[in-house]
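Peer 1: Sequence and predicted structure are below.
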Amino acid sequence: MELFQYPYMQRALVAALVIGLAAPALGIYLVQRRLTLIGDGIGHVALTGVGAGLLLNRSPVLVAVIVATLGAIAVEVVRSRGRTSGDLALALLFYGGIAGGVMLVGLSGSTSANLNAYLFGSLTTISQADLTTIVVLGAAILVAMLALRPALFAVSHDEEYARVSGLPVRTLNMLIAVTTAVTVTIAMRAVGVLLISALMVVPVAAAQQVARGFRTTMTAAMALGIFAAGSGVWVAANADTAPGASVVLMAIASFLVIALAAAGWRALRRRGTPAPAPTPEPHEVVLR
Amino acid sequence: MNHPVITVTHAAVGYDGRPVLRDVSLTVTAGEVVAVLGANGSGKSTLIRAVLGLVPLSAGSVTLFDRPLRRFRQWERIGYVPQRLGAGGGVPATVREVVASGRLARRGLLRPPGAADRAAVDSALRAVGLAGRADDPVATLSGGQQQRTLIARALAGRPDLLVLDEPTAGVDAASQEAFAGALREFVAGGGTVLLVAHELGPLRPVISRAVVVHEGGICHDGGVPEPAGHHAEPDHDHVHPHGPDEPAGLWSN
């Protein structure tokens, strides 16, 4: 435990907790609109931003926010057009993003260790300034996702109905896209671009095994995100493992435990109470 | 004459250059219950989607409550019931959460739901007979009950006009009756209805006017067409058994 006396460990813990809370709050909308892997794709694009930042001697995180936001807007435009070729356009964007990132980081003369910090996260090297950015942006993400929940739920659930309700559907979709980009970039320092999607999606996947409604799923997913972040950093500090990977593995472990417990609970209930005879709906037609 | 609620003038719609509706004109006045009938692929769903601005017109115009569609902002006056509930990504939602979406047009983006919103959701759930299932996940409901959930969502906004896309397609008899009851109540309260249907079933007595769409144009506008020939028999169920002259084969014995 004494490791947490060091300021760098405290910063790592706070950053992980903020991201653990904010990522699932956004992720639930992405899961609902079947964009589970979008975080991954935007992460690839953000890497080009990191490379550009290193090359231009600007803050890599800041440039990554800008590039990832542009990428997210491009993805949203392709998605809203609803063309089948959108799938290929996304693939081009993602692979272009990661290839561009690797090339630009190389050109900037950075070491591969530096590239690794962005690919897999580097919680323990977070500076005080980084932490401030993470906390402020994380709070903004949380406020937006919670305050606009009824509208974002409606848009993600049934976009046409939302349009007929007079909701600003295009603006809300853009908000989700931009928030995804911002979440990806702040989570990049914690778990790395290759593992970001896990923090957005795995807690939601775990929560929806047991929750009955949208709000309960969101609350449970945020609680699980905090748990995974906190326990992951603790494991990393004690077992000297990579923090990002530890956090993600804790999230996946909680998913497995919950999924197994839910399946076991359902099996027990089935055995305990004899299944009621199915009551069919009354016949609509008489087949002669 | 009653006030016009929907006015469609010489509207045309095409998907990828293929015309779906050509030169359609239609007026629905306050208090009417208009059924849009037609075969699959006749363009009847496209017609109501064009009325709501969900598909763009290539020619003509649509007016809602005396406002051109492009400048229409009073969306709280319209309750839309789509053909079915989207599957979504598997995130659970309760019946109440889905129905509460129907209050957004009245409430706006940021105002949290108040007592009036809760009361409207409760009474909409009662109107379709789902009050007992309010906290169940919608995914556990039958198809007919899911359809009733969508109708409750539209009613929760207390609209003046209901627009329904095949509300009774593939819906069990109990749900059809519950739906007809909710619709009667809505019309008795002064509401206007535009609905697309393949068959009217228990809705028939509620309908005041029928419009038949055929190959992208309106071929009948007036009374509900009477079924002809054996279709008119009271026990005709629109499910056609195979004729006796079908040759015996692998699938018959």
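Peer 2: Sure thing, it's come through.
Peer 1: Show the contacting residues for whichever residue of the stretch 151-288 of chain A sits closest to chain B.
Peer 2: Nearest residue of the stretch 151-288 of chain A to chain B (Cβ to the nearest Cβ) works out as residue A:166 at 3.0 Å. C-beta coordinates here come from the backbone N, C-alpha and C atoms, glycine included. If a contact means Cβ atoms under 8 Å, 6 or more residues apart in numbering or on different chains, then residue A:166 has B:73, B:75, B:76, B:105 as its contacts.
Peer 1: Quick check: which element contains the last one?
Peer 2: What that stands for is residue B:105. helix B:104-107 (DSSP states H and E).
Peer 1: quick one: the helices in the stretch 151-253 of chain B?
Peer 2: If DSSP state H, counting those that start in this stretch is used as the criterion, the helices of the stretch 151-253 of chain B fall at B:173-188.
Peer 1: need the strands for it, in chain order.
Peer 2: With DSSP state E, counting those that start in this stretch as the criterion, the stretch 151-253 of chain B has strands at B:161-165, B:192-197, B:209-214, B:217-222.
Peer 1: Can I get the shortest one in CSV? Just the C-alpha atoms.
Peer 2: Coordinates of each C-alpha in strand B:161-165 appear next as CSV, following Å, rounded to 0.1, in the frame of the first residue of the first chain:
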residue,chain,number,x,y,z
LEU,B,161,-52.1,14.0,-34.6
LEU,B,162,-51.2,10.3,-34.5
VAL,B,163,-49.2,8.9,-37.4
LEU,B,164,-48.9,5.1,-37.4
ASP,B,165,-47.1,2.8,-39.8
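Peer 1: Doesn't residue A:105 belong to a helix?
Peer 2: Yes. Counting by DSSP: H, G, I helix; E, B strand; the rest coil, residue A:105 is located in a helix.
Peer 1: Next, count neighbours for the closest residue to residue B:77 other than its chain neighbours.
Peer 2: Counting by Cβ to Cβ, 6 or more residues apart in numbering or on different chains, residue B:77 lies nearest to residue B:160, which is 4.5 Å off, once chain neighbours are set aside. By the criterion of other Cβ atoms under 10 Å in any protein chain shown, residue B:160 has 18 neighbours.
Peer 1: now do the one 4 residues further on
Peer 2: By other Cβ under 10 Å, the residues close to residue B:164 number 26.
Peer 1: What of the one 3 residues further on?
Peer 2: Residue B:167 has 26 neighbouring residues, counting by other Cβ under 10 Å.
Peer 1: Test my guess that it contacts residue B:197.
Peer 2: Yes. With contact defined as Cβ atoms under 8 Å, residue B:167 and residue B:197 form a contacting pair (7.5 Å).
Peer 1: ok, residues contacting the least confident helix or strand in chain A by mean pLDDT?
Peer 2: Scoring the helices and strands of chain A by mean pLDDT, DSSP states H and E places helix A:112-120 at the bottom, with a mean of 81. Contact with helix A:112-120 is made by A:47, A:50, A:54, A:60, A:101-102, A:105, A:122, A:125, A:188-189, A:191-195, A:242, A:244-245, as judged by Cβ under 8 Å, 6+ apart.
Peer 1: if we can go back for a sec, C-terminal to the helix holding residue B:105, what's the next element?
Peer 2: Per DSSP H and E, helix B:104-107 leads on to helix B:115-127 as the next helix or strand towards the C-terminus.
Peer 1: buried set for that following helix?
Peer 2: Using 16 or more other Cβ atoms under 10 Å in any protein chain shown as the test for burial, helix B:115-127 gives B:117, B:120, B:121, B:122, B:124, B:125, B:127.
Peer 1: again with stretch B:133-143
Peer 2: So, applying 16+ other Cβ under 10 Å, buried residues of stretch B:133-143: B:133, B:134, B:136, B:137, B:138, B:141.
Peer 1: Check stretch A:122-132 too.
Peer 2: Of the residues in stretch A:122-132, A:122, A:123, A:124, A:126, A:130, A:131 count as buried by neighbour count, 16+ other Cβ under 10 Å.
Peer 1: So the third one sits against residue A:9, correct?
Peer 2: Yes. With contact defined as Cβ under 8 Å, residue A:124 and residue A:9 form a contacting pair (7.0 Å).
Peer 1: which bits of chain A sit near chain B?
Peer 2: Counting by Cβ under 8 Å from any Cβ of the partner chain, chain A comes close to chain B at A:28, A:31-34, A:36, A:147-148, A:150-151, A:153-154, A:156-158, A:160-168, A:204, A:208, A:211-215, A:217, A:281-288.
Peer 1: show me the contacts for the residue nearest to the spatial centre of chain B.
Peer 2: Closest residue to the average C-alpha location of chain B: residue B:164 at 1.2 Å, with Cα atoms, centre = their mean. Residue B:164 is in contact with B:80, B:81, B:151, B:154, B:193, B:194, B:195, B:196, counting by Cβ under 8 Å, 6+ apart.
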